[in-house]
Structures are given as C-alpha cells and as structure tokens.
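Q: turn this into a structure:
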Amino acid sequence: MYFVVIMAFALVLSDRLPVAGGSILPGAPALHQWAALGIVLAQIPLLALISGIGAVRTQYRLDGTDAGHDEAADELSWFQQFEMVVVSAFLLFTMVSTPWPQVVREVWGLGRIPLVAELVMLAPMGLGLLAAWTMQYPAELRLRVESLETPGDVTGNPEAAGNRETEAAAALRAARRTPDPARTGLGAFLFDKMRHQVLLLAVPMCLIVIAKDLLTTYGESMAAWPVPLPKDQVTRSLIINSALGTVSFIVLAFAPVMLRYIWATEPLPPGPLRERFERICKRIGLRYREILLWHTHGMAVNAAVMGFIAPLRYIMVSDALLETMDDEEIEAVFGHEAGHVRHWHLPFFGVFAIVSMYVAGGAMILLTLAYGRVDRPIDPAVTQLVALGALLVMWLFGFSWLSRRFERQADLYGVRCVTPDVKECVDRCPVHGQARGAGICVSAVNLFGRTLGRIADLNGIPRDAPSWRHGSIQSRCELLESFAGDAEAVQRFDRYIVYVKATMLALTVVGTVVAILLYYEPVMKGLGWK
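A: Numbering: from 1, shown residues only. The predicted structure is shown next:
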C-alpha cells in the first residue's frame, strides 16, 4: 500500500500530465470532463466487487480448523495484493491516458488553490480503498479474532501460550485504553486502515505538495525577498527544486512528530515493561524522545521506530503486540526495530532517495541527448513522464531490494539484542555452548523465529507470502537458522551490507559531481556571476 501512495503523489506532483497526444479522449478537456469523471469513478464499484468476492471466499474457508485458517489467510492476502495492482493500474491509466488532471486543474479551476486539485484527483482512489476495506471488514475481523483466540504458540504447544509474564499485561492495564478487536466497529476499522496505510505517508506528502504549489506559482514574488529569481529558466528551475528539496527534508525530519498524532498513541505507562525497554536502549546506546503505546483497537501486532535524530525519534509498540505475545517475544520485536536505528537504515533510505532522483534526472538527460533537436525539442511532458517512470521503477524494485536486506540486518540485530537475556541454551550454541566462539545464539534465533511466526499468524499473513518491503517470514527465518550454524556466513552478510551502503554513498558522490559539472556553468551564467 505504501508504494501505491508514493506513486499517487509522484503522479500528482507531475504538472504536465497527460502527455500531449497520449489521452484516449483527444480534444479540449472541457469536452470530456464527464467521461473522465466516469472513468475515475468506475474504480470504486470495481474495487468493492473484487473485495466482496475476496471476503466471501475468505470467510468460506474459515471452518474452525488450523488448515482452514491458513487457507483463509492466503485467500485474503492474494485478493489484497490483486486490489493493489488494480488500484495502481487505474491510477496510472487515469493520470497518463485521460484528461482527468487537466479537468481538475484547468476546467474546474482547482489548480489555482494549493493542494485542492491534487486531493480531488486522488479522491476516487481514496473512495475506492474505503469501499474495498468496507467489503473486507467482516472477513478481516473474523480472521483476526480467530488468530487471537488460537491457543498455543507457533509450534502448537498450548502450554507455551499460557506461560506469559505480566509485564506487558500490566502495561496494558495501566494504559488509558484497552484493545478489543471483537468489538471494533466499521467506522473505527476504516479510520485505522486509512491512517495506518494512507495518512502515514499522505500527510507529509501533502505538505510537500503545498510547498511545490507555492514555490512554482508564487516563486518569483516569494524570491523577491531577499533576492529575485534569475530570468534564466534552467537556473530558476534548479533554485525552486533545491528549495523544494530543502522543504521536503524538513518535513520528513519532523514526520515522526506528525505520526505520533496521526496514529493513536500515548506514552508507555511506567512499569516493568517500560523499564525493560529503557535498559535495552541504555545497553545498546539507543537514544529516543519517547516510548509510545500504539493503539490499534487490537488489530495490528507490530512495533516501529520512527525518526532520523534522537530528539525526534519515537519507539512504538502496539496494543495487540503487548496483548498477544510474551515479554521475551516483545523484546525480540523491540530489538529488531532498534536494529534499524543502530544500523542507520533511515538515513540510508534518504541516500537511496537521492540516488533515485539522480537516476531520474539522468534518464531525462539521456532522452534529450538521444532524441532532442534544437529545431524540435522534446515535449517537457514526455521528459517528465520518463523521469517519473525511472523514479517509480527505482522505488518499486530498488527500494524493495534494499529494504529486504535492511530487514534481514535488523533481524540479525534483534537476535543479538535478546542474546544477553538468554538463560538456558544448548551445548552446540556458538555463544553459550561448550565451544564458545563467533556466531549467534541458537536459542536467540529460535526465539526470534518463533516471534516472527507468531506475528505472521496473528496478523493473518501467510508465512510464505512475499512482501514488497520485508520479504516472506519463511525466508527470514531460514536465513537466521543458516546463520546459527555458520559463523562465517554471518561475517559475510555483515560485509555484504557494508558494501551495499558504501556503494550507495559512492553513487551519491558520483551523482553530485556529475550534477555540478552539468549545471555549474549554466547556473553561474544565470545568476550573472560568470
């Protein structure tokens, strides 16, 4: 879902769509406004129909058995992925091949008001998602409640589920709210879906859209203080884009503060669990602003660490996580999230964003060099569309590839994080066994693998289901198991991630040098300094 939201805002930030001659409805946009509106609204009943079929098939497979539960989870997961493909296809089609953007911006005149046109363009997608989630609600709620009621741990041991300490339970009792997924109404379900899957990215992106509208529409008058923008178009564009990049960086830096209020959170109440987290943070040197209890009406078994810098960093643990997992498992999840911070994953995602922009710019330059002519320059809308395509490909495949590697590094850190608290282990363990040496703890690997399996089961996610950002639970567990018996494999993996990060930094440096070489002289001339 996150990729769909990113793609949606990337498309609306492109102000030259559709490409001239690329619309299926040629002619003046005013002549086709109702046809364009009909096309974009058609996705709402289509998504509702797909979700309705998926919900019926999911509930049909819920027969009270473990096998039926797994089949239902597979069914729902497949339909949800198919829905995202349909949403993405509709979005690309309406923005690139219909006059819908021109209708909203020009015919209806909404382009004069910052952000309004962009929200109207994306409104059908939002309504379609709400319709799909409404149809899924009975199936997803029933699947989640049955997951929470399933006795035993992932190995089928009923005693393991009941052998839980009281740290997490005490934290929930001391909180202002208590989860009850069985009583989650449709309104609360839809609101949680919207803010967890859409608003998480949409709110910061809306601020960036407003900044872009203000800079492009009022750039000259705004830049009159302290100095006016130069008349040279290349220099003006670079200055405006640089200002937009600065605003985007500031927005993303403060996004965790916004997220705290977009999601329903409160400080984790004082008690043994909070003290455990604080001890872990002190032990690993993780600084943060606050540890938060994340209220999801018991519908999300998850945790997160948000924030590039410590004063704006929040650690979040969900209510369902505390309700359904024992304290060792919660510590394993916490260690995984801490691994993202300790290994600088968030800043390196920022580095990836810079590299992806350089790739998109390079695609525009190559297109211009290959097909551009002085007497017949390429339509700016075409170059913008090519750059947008390159950017989406980078995020669809490149970000997915990088994120899965970082997830595995965070998994490994989570194993290492819980290792000091392991009280009993096996003789063959390279950390606690008789022949102590390099490697990772076997018991810690088993604990972490059990935790991943429980999270998948409780969230209704098949263990072998692929994930755009995380990879499948099964593949992550298998990698950790291979590490437990091969210390050299752990070292190779650590070196491999170092090489990946070094390559990203090198690409950033190369891209920056190339950009300076390409634009230094034109900018200096545009500013009148050369």
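
Q: how is this protein divided into domains?
A: Taking automatic domain parsing as the reference, the chain has its domains at 1-150, 341-530.

Q: could you tell me the least trusted of these?
A: Lowest mean pLDDT within the domains of the chain: domain 341-530, a mean of 82.

Q: chain center to that domain: distance?
A: For domain 341-530, the gap between its own C-alpha mean and the chain's C-alpha mean amounts to 13 Å (Cα atoms, centre = their mean, to the nearest Å).

Q: switch to numbering from 45
A: With 45 as the first residue, the last one maps to domain 385-574.

Q: which parts of the protein are strands?
A: For the chain, applying DSSP state E gives strands covering 308-311, 334-339, 347-350, 358-362.

Q: out of those, deepest packed?
A: Most buried of these, by mean neighbour count (mean count of other Cβ atoms under 10 Å): strand 358-362, with a mean of 24. For every residue, glycine as well, the C-beta is placed using N, CA and C.

Q: and that one, how far out from the chain middle?
A: The gap between where strand 358-362 is centred and where its chain is centred comes out at 16 Å by Cα atoms, centre = their mean.

Q: strands paired with it, and their directions?
A: Neighbouring strands of strand 358-362 in its sheet, by DSSP bridges, are strand 334-339 (parallel), strand 347-350 (antiparallel).

Q: what comes into contact with that strand?
A: Under the contact criterion Cβ atoms under 8 Å, 6 or more residues apart in numbering, strand 358-362 has outside partners 300, 303-304, 307, 309, 312, 321, 325, 332-340, 344-351, 374, 377-378, 381-382.

Q: tell me which of the strands of the chain lies nearest to E565.
A: Closest to E565 of the strands of the chain, according to Cβ to Cβ: strand 347-350, at 41.4 Å.

Q: okay, the closest one in CSV with CA atoms only?
A: Coordinates of the C-alpha atoms in strand 347-350 are reproduced here as CSV (Å, rounded to 0.1, in the frame of the first residue of the first chain):
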residue,chain,number,x,y,z
ALA,A,347,6.2,-2.2,16.6
ALA,A,348,8.1,0.7,14.9
VAL,A,349,11.0,3.1,15.5
MET,A,350,10.4,6.5,13.7
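
Q: identify the residues contacting it?
A: Surrounding strand 347-350, the residues in contact under the criterion Cβ under 8 Å, 6+ apart are 299-300, 303, 332, 338, 357-362, 365, 374, 377-378, 380-382, 384-385.

Q: now it: mean pLDDT?
A: Mean per-residue pLDDT for strand 347-350: 86.

Q: roughly how far apart are the residue lying closest to F298 once chain neighbours are set aside and A183?
A: Closest residue in space to F298, ignoring its immediate chain neighbours: L356 at 6.5 Å, by Cβ to Cβ, 6 or more residues apart in numbering. Using Cβ to Cβ, to the nearest Å, we find L356 at a distance of 38 Å from A183.

Q: these two: who's more crowded?
A: The residue with more neighbours, out of L356 and A183 and counting by other Cβ atoms under 10 Å, is A183; that gives 25 against 16.

Q: residues in contact with that one?
A: Each residue near A183 by Cβ under 8 Å, 6+ apart is listed here: G98, A99, V100, T102, Q103, L106, A116, L120.

Q: if we go to 6 Å?
A: A99, T102, Q103 (Cβ atoms under 6 Å, 6 or more residues apart in numbering).

Q: for A116, see how far away it is.
A: The separation that A183 has from A116, given Cβ to Cβ, amounts to 8 Å.

Q: pLDDT below threshold where in the stretch 195-344 of the chain?
A: Along the stretch 195-344 of the chain, segments meeting pLDDT under 70 span 195-210, 221-228, 262-281.

Q: tell me the buried residues in the lengthiest helix in the chain?
A: Longest helix of the chain, by residue count under DSSP state H: helix 531-570. Taking 16 or more other Cβ atoms under 10 Å as the neighbour-count basis, helix 531-570 is seen to contain the buried residues V534, F537, I541, K545, M548, L551, T552, G555, Y563, V567, G570.

Q: what is that helix packed up against?
A: The criterion is 3 or more Cβ pairs under 6 Å, 6 or more residues apart in numbering; DSSP states H and E, and the helices and strands that helix 531-570 contacts are helix 277-297, helix 389-415, helix 517-528.

Q: and if we set it to 10 Å?
A: Helix 531-570 sits against helix 277-297, helix 389-415, helix 444-462, helix 517-528, with contacts defined as 3 or more Cβ pairs under 10 Å, 6 or more residues apart in numbering; DSSP states H and E.

Q: the nearest residue to L337 once chain neighbours are set aside and L296: what is the separation?
A: Counting by Cβ to Cβ, 6+ apart, L337 lies nearest to L312, which is 4.8 Å off, once chain neighbours are set aside. According to Cβ to Cβ, L312 and L296 sit 25 Å apart.

Q: what's the answer for P424, then?
A: 27 Å.

Q: out of these two, name the residue with the larger neighbour count.
A: Higher neighbour count among P424 and L296: L296, with 18 against 13, using other Cβ under 10 Å.

Q: redo the buried residues of helix 531-570 as a markdown table? Include distance to Y46.
A: What follows is the buried residues of helix 531-570, written out as a markdown table (distance: Cβ to Cβ, whole Å):
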| residue | distance to Y46 |
| --- | --- |
| V534 | 30 |
| F537 | 26 |
| I541 | 22 |
| K545 | 22 |
| M548 | 20 |
| L551 | 23 |
| T552 | 23 |
| G555 | 25 |
| Y563 | 32 |
| V567 | 35 |
| G570 | 38 |
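
Q: nearest to A454, of those residues?
A: I541 (10.5 Å).

Q: and among the helices and strands packed on helix 531-570, the most buried is which?
A: Among those, helix 444-462 has the highest mean neighbour count (mean count of other Cβ under 10 Å), at a mean of 21.

Q: run through the neighbouring helices and strands of that one.
A: The contact analysis (3+ Cβ pairs under 10 Å, 6+ apart) places helix 444-462 against helix 316-328, helix 371-386, helix 389-415, helix 486-502, helix 517-528, helix 531-570.

Q: out of these, which is closest to V247?
A: Among those, the nearest to V247 by Cβ to Cβ is helix 389-415 (17.7 Å).

Q: which secondary structure elements does that closest one sit against?
A: With contacts defined as 3+ Cβ pairs under 10 Å, 6+ apart, the secondary structure elements packing on helix 389-415 are helix 277-297, strand 347-350, helix 371-386, helix 424-437, helix 444-462, helix 531-570.
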